[in-house]
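# Need the 3D shape of this:
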Amino acid sequence: MRKTTLDSSTERLIYCRNPDTTTEQSEIKRTNWRSKMLFKNFPARESHHTTPRRKSYGPTTEEVSQWAQSLDNLLSSKCGLTALRLFMKSEHSEENIEFWVACEKFRKLRSRSKLRSKAKTIYDEFIRPDSPKEINLDFYTKESVHQSLLIPTQSSFKAAQNRVYFLMEHNSYPRFLDSELYHQLCRIAAGEQ
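Down below sits the predicted model:
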């Protein structure tokens, strides 16, 4: 169990139980608030240690090194996707990753009525001019998507999704790999923090 108290606007004192000590003993760790916010967003994974089994948050060393190999590796990892979302949110470009994820979910739909409904939602949220999370697409791609929505299929957003993927791969992804967030995740996964 953790208790968090504000120390300043950028740091928090984190009181956490050390699993290797008795319940009366505790360890105080000074941690940057961003890393704690980060781990609230990561999915839990089971620790591979012997008894007692406990859940651990964050990526493994292997996962983190695979993220640097390709954007596909990063997006196919739950922790990687979460980290990229947080990074893109900090850069005010989260609409790109949100659109990409929405398209991935859309491609898995089978029902015609669900396709129609979800296609309209995605278009209104990300592609329609002046939409709340309008993504950066050229006129031709927007028009192509708009026409494909007359009879939506799982591939209706494919061209737009490919364009957003290209933008992420050449802009956000390299900046993510150079970011303090990624380097901090590497250190945490290696057990250095």
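# going forward, measure contacts and count neighbours with C-alpha atoms only.
OK.
# in the chain, which segments are predicted with low confidence?
Where the chain drops to pLDDT under 70, the residues are 1-57, 193.
# Quick check: residue 142 touching residue 160?
Yes. In terms of C-alpha atoms under 8 Å, residue 142 counts as a neighbour of residue 160; the distance is 7.5 Å.
# what packs against the helix or strand where residue 72 lies?
Taking DSSP states H and E as the criterion, residue 72 maps to helix 71-76. When contacts are defined as 3 or more C-alpha pairs under 8 Å, 6 or more residues apart in numbering; DSSP states H and E, helix 71-76 packs onto helix 61-67, helix 78-90.
# Format these as JSON lines; extra columns: distance to residue 99.
Compiled in JSON lines, these are given as follows (distance: least, C-alpha to C-alpha, whole Å):
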{"stretch": "helix 61-67", "distance to residue 99": "20"}
{"stretch": "helix 78-90", "distance to residue 99": "11"}
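# Out of those helices, which is the most enclosed?
Of all these, helix 78-90 carries the top mean neighbour count, a mean of 20, counting by mean count of other C-alpha atoms under 10 Å.
# That one - contacts with which helices or strands?
So helix 78-90, by 3+ C-alpha pairs under 8 Å, 6+ apart, packs with helix 33-41, helix 61-67, helix 71-76, helix 94-107, helix 173-178, helix 180-189.
# how does it look with 10 Å?
helix 33-41, strand 44-46, helix 61-67, helix 71-76, helix 94-107, helix 173-178, helix 180-189 (3 or more C-alpha pairs under 10 Å, 6 or more residues apart in numbering; DSSP states H and E).
# Which one, of those, ends up nearest to residue 147?
Closest to residue 147 of the helices and strands packed on helix 78-90 is helix 94-107 (C-alpha to C-alpha; 16.7 Å).
# Show the subsequent helix or strand relative to that closest one.
Using DSSP H and E, the first helix or strand after helix 94-107 is helix 112-122.
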